[in-house]
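Asks: dropping the sequence and predicted coords here.
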Amino acid sequence: MTRRPAARRRGGGARTGGRSPARRRYPVRRRSRRRGGRDGEILAVCVAGAVAVGLAVAAVNWLLAHWWLLLVAGAAAAAAGGAWLHRRSEDARWERARAQGLRFAIGQLDALHHREFEYAVRDLMRRDGCQDAVQVGGANDNGADVKATDPAGRHWVIQCKHRRHGDQGSPVGTPDLHVLNGTARQLHGADVVVLVTNGRFSARCAPLARSQQLHLVDRRTLTAWASGSRPLWELLPRIPPPRRPDAVP
């Protein structure tokens, strides 16, 4: 009877082919590490909270022991607030006095930059009682440089055309009137539409202004308005009636 070779008998059988069985790999467990990190974060938060509470308690105890400092701080704050209110009141009083006595000579207006000219017109409207007068001129202003509401409730839209050389400069022409006429009422809701200049208007402006119910303020009218005390609505003809029945026109 023939015996099998010893090497084949010791090889582990035909199923494995003589190779040792592969070792099974198990995933490394990191859950304990993550849990430890979270526990550390919670502990840090608790410590920070305890420190904050301790500091707050210490601060309260210190203030209770030195309560007179609270009185001193309160008195200082009250004095500072009173001084601020007094200064605001004085500033408002001087602003009202300045507005009531505001005057411009025509030479002063000629020397202004065109943007400063718009602010001067705004200030004159405020002097006359238009508390909400505002300068709005700039890019994309749609023809409005100054907007205001007079004491009679009428809404004013004013376009300003400054000429460095006064009436010796180029005249304001009808194209500016067309732009103002197309936007003042439709876009800005104006009751009174005005174009004011320190220069002069071309000959065709007056007929167009009358037909479209626009108001022109030339150099002569501007001089009377800026250097006097009469409001602009007393210097212009054909002003619309007051919006409020109880208002003084």
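Replies: Thanks, I have it.
Asks: do a quick rundown of the helices in the chain.
Replies: 6-9, 31-65, 67-100, 106-110, 114-127, 174-188, 205-211, 219-227 (DSSP state H).
Asks: could you list the domains of this protein?
Replies: By the assignment in automatic domain parsing, the chain contains the domains 34-98, 106-234.
Asks: can you give me the end-to-end span of the longest one?
Replies: For domain 106-234, the separation between the terminal residues is 19 Å (Cα to Cα, to the nearest Å).
Asks: was I right about Lys147 contacting Leu187?
Replies: No - in this structure Lys147 lies outside contact range of Leu187 using Cβ atoms under 8 Å: 11.0 Å. Heads up, the C-betas are built off the backbone N, CA and C, glycines and all.
Asks: which one of those two has more residues nearby?
Replies: Lys147 (23 against 12; other Cβ atoms under 10 Å).
Asks: okay, and for this structure, where does confidence drop off?
Replies: 1-37, 86, 89-100, 245-249 (pLDDT under 70).
Asks: same thing but at 90, please
Replies: 1-101, 137-143, 229, 243-249 (pLDDT under 90).
Asks: tell me which of the domains of the chain sits most buried.
Replies: domain 106-234 (a mean of 18; mean count of other Cβ atoms under 10 Å).
Asks: give me the distance between Ala219 and Leu70.
Replies: Not quite, residue 219 is Arg, not Ala. Per Cβ to Cβ, to the nearest Å, Arg219 is found 65 Å from Leu70.
Asks: next: Gln135.
Replies: With Cβ to Cβ as the criterion, Gln135 and Leu70 are 47 Å apart.
Asks: please apply the same query to Gly101.
Replies: From Gly101 to Leu70 the distance is 47 Å (Cβ to Cβ).
Asks: now Gly54
Replies: Taking Cβ to Cβ, one finds Gly54 at 21 Å from Leu70.
Asks: before we move on, what about Leu43?
Replies: 36 Å.
Asks: same check on Phe117?
Replies: Distance from Phe117 to Leu70, by Cβ to Cβ: 54 Å.
Asks: now swap in Val172 and tell me
Replies: As judged by Cβ to Cβ, Val172 and Leu70 stand 66 Å apart.
Asks: wait, what's in contact with the closest residue to Asn142 other than its chain neighbours?
Replies: Counting by Cβ to Cβ, 6 or more residues apart in numbering, Thr183 is the residue found nearest to Asn142 once chain neighbours are left out, at 4.5 Å. Thr183 sits next to 142-144 when contact means Cβ atoms under 8 Å, 6 or more residues apart in numbering.
Asks: so who does the closest residue to Gly173 other than its chain neighbours touch?
Replies: Spatial nearest neighbour of Gly173, chain neighbours left out: Ser202 (4.8 Å); criterion: Cβ to Cβ, 6+ apart. Counting by Cβ under 8 Å, 6+ apart, Ser202 makes contact with 171-174.
Asks: rerun that using 10 Å as the cut-off
Replies: Counting by Cβ atoms under 10 Å, 6 or more residues apart in numbering, Ser202 makes contact with 170-177, 208.
Asks: residues in contact with Phe201?
Replies: With Cβ under 10 Å, 6+ apart, Phe201 has these contacts: 161, 171-174, 176-177, 195, 208-209, 216-219.
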